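*Asks:* have a look at this prediction, sequence included:
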Amino acid sequence: MRRKFLFLVADGMGGWPGELNAKTALEAAATPAMDAMAREGLVGLSRTIPPGMAPGSDVANMALLGFDPKKHHTGRGPIEAAAQGLELAPDDLVWRLNLVSVSEYSENGLMLDYSSGHIASEQSRPLIQALSAVIGQDTPESPFRLYPGVQYRHLLVQKDGAKEPEASLAINPPHDITGQSIAKDIAAYQTSARLWKLTSRAAKHLADAGNTTKANAVWPWGQGRTLTLPSFEDAAGLKGAVVSAVDLVKGLGRAANMEVLDVPGATGLLDTNYEGKVQAASKFLQEGDFVFVHLEGPDECGHGGDASGKALAISRFDARIVTPLRRAFPDAVFLITCDHLTPIAKRTHVDDPVPFLLYGHGISSNGAGHFSEAQAKATGLLVEPGYLLLNWAITQTGGL
């Protein structure tokens, strides 16, 4: 009987010493399951961010699923459009659009919150629907169309925009500039009269429409052409599924013809439905071969500068994701890692190599005493580029 493969990813779990006293959040967290697996398995580092590419979850998770970002990545927006199943033309330009909080929408403004206080979908969707009329998306002269997503994460599609100057605009991801000036991005938006008109109208409407949420501006970024990926089953030889609260991972799965398992109550935050993710993964593995379980909580806490929350998210990942799945599938292969580091000191992603552990029958220890960034470095094992990590892990198991 074929062995099952569980790829468990705690987004942004890695960090730098000093997050909690002298420790990283991973070192400070209670992780008995991962520590035990690390002592019996292979522990090392992998470089998920190719040189010259921005250290985003889009790039990193694409690499973890075995696809070369240098070859396949077109932008953040197109991946999330795949999650929604949007039908797009080859030259459409897809933007990720955040609802954000800024001190003022001008060159004098600061980015206060990339998530508008983690606005709930029940609040954000009516705002996006109202903004659709404000920007005139149903008028013949407008190339833009808004699509509501989850919480603060939405989409803006610019018809035939891949052939227009907007395709090359460099806009900062809002989570990279928390507490910082938005002047450079405002200047970039102003180079496009139609994009500046859209964002300015949106900011004015959010300020004047009796809006009681923290969202007072829209932030289009991460634009690119439609995403296409090879079939995961053809590439890896495994019937696979993804479990995640975020459209980014769902989009990668859908683009690769994997099953996308929806879990009610999966929020991407500390209060996510951990047990629901375990149940969805377990049910799929009754027939399937491979499941990619993604937890967003550590990354969100990292962006928020919440070291204690990050350690708690990692502890819950260990206790409520890793532990029950290890008990349910004692003969399976486990690959556990993060997509990138989100150090508390930076409050955003960095391109450092990520720690990983590979555990299962037939896999011998390479000397780690527990699971941490320092232990992963000390073993001397480095798998790069990161898109080879999955195939490397399958090879270590003898091909399952």
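*Replies:* Arrived safely.
*Asks:* point to the residue nearest the middle of this structure.
*Replies:* Centroid-nearest residue in the chain, with CA atoms, centre = their mean: residue 57, separated by 4.0 Å.
*Asks:* that one touches residue 342, doesn't it?
*Replies:* No - assessed by CB atoms under 8 Å, residue 57 is found out of contact with residue 342, at 9.4 Å. C-beta here means a position set from N, CA and C on the backbone, and glycine is covered the same way.
*Asks:* wait, what's in contact with the residue nearest to the centre of the chain?
*Replies:* 11-12, 246, 248, 299, 339-340, 349 (CB atoms under 8 Å, 6 or more residues apart in numbering).
*Asks:* which strand in this protein has the most residues?
*Replies:* Under DSSP state E, the strand in the chain containing the largest number of residues is strand 93-102.
*Asks:* can you spell out which helices and strands pack onto that one?
*Replies:* Under the contact criterion of 3 or more CB pairs under 8 Å, 6 or more residues apart in numbering; DSSP states H and E, the helices and strands touching strand 93-102 comprise helix 76-84, strand 111-113, helix 121-134, strand 153-158, strand 217-224.
*Asks:* which of the ones you listed sits closest to residue 309?
*Replies:* strand 111-113 (15.5 Å; CB to CB).
*Asks:* chain center to that closest one, what's the gap?
*Replies:* Strand 111-113 has its C-alpha centroid displaced from the chain centroid by 19 Å (CA atoms, centre = their mean, to the nearest Å).
*Asks:* ok and the longest strand of the chain relative to helix 76-84, angle-wise?
*Replies:* Relative orientation of strand 93-102 and helix 76-84, computed by axes from the mean of the first three to the mean of the last three CA atoms, to 10 degrees: 100 degrees.
*Asks:* if we can go back for a sec, how about the residue nearest to the centre of the chain, phi and psi?
*Replies:* Main-chain dihedrals, residue 57, degrees, to the nearest 10: phi -60, psi -30.
*Asks:* show the model's pLDDT score for it.
*Replies:* For residue 57, the pLDDT comes out at 95.
*Asks:* try residue 140
*Replies:* 75.
*Asks:* what about it, which helix or strand?
*Replies:* Here residue 140 sits in a region with no helix or strand, counting by DSSP states H and E.
*Asks:* and if you look at residue 367?
*Replies:* Applying DSSP H and E, one finds residue 367 in no helix or strand.
*Asks:* how much space separates it from residue 396?
*Replies:* 16 Å (CB to CB, to the nearest Å).
*Asks:* the longest strand of the chain pairs with which strands, parallel or anti?
*Replies:* Using DSSP bridges, the strands paired with strand 93-102 in its sheet are strand 111-113 (antiparallel), strand 153-158 (antiparallel), strand 217-224 (antiparallel).
*Asks:* still on that earlier bit, make a markdown table from the helices and strands packed on strand 93-102 and add distance to residue 93 to it.
*Replies:* What follows is the helices and strands packed on strand 93-102, written out as a markdown table (distance: least, CB to CB, whole Å):
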| stretch | distance to residue 93 |
| --- | --- |
| helix 76-84 | 8 |
| strand 111-113 | 23 |
| helix 121-134 | 17 |
| strand 153-158 | 4 |
| strand 217-224 | 5 |
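*Asks:* can I get these in JSON lines with distance to residue 68, mean neighbour count and mean pLDDT?
*Replies:* Output for those, formatted as JSON lines (distance: least, CB to CB, whole Å; neighbours: other CB atoms under 10 Å; pLDDT from 0 to 100):
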{"stretch": "helix 76-84", "distance to residue 68": "15", "mean neighbour count": "27", "mean pLDDT": "93"}
{"stretch": "strand 111-113", "distance to residue 68": "32", "mean neighbour count": "22", "mean pLDDT": "97"}
{"stretch": "helix 121-134", "distance to residue 68": "33", "mean neighbour count": "16", "mean pLDDT": "94"}
{"stretch": "strand 153-158", "distance to residue 68": "25", "mean neighbour count": "25", "mean pLDDT": "95"}
{"stretch": "strand 217-224", "distance to residue 68": "16", "mean neighbour count": "25", "mean pLDDT": "97"}
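*Asks:* thank you kindly, that will do.
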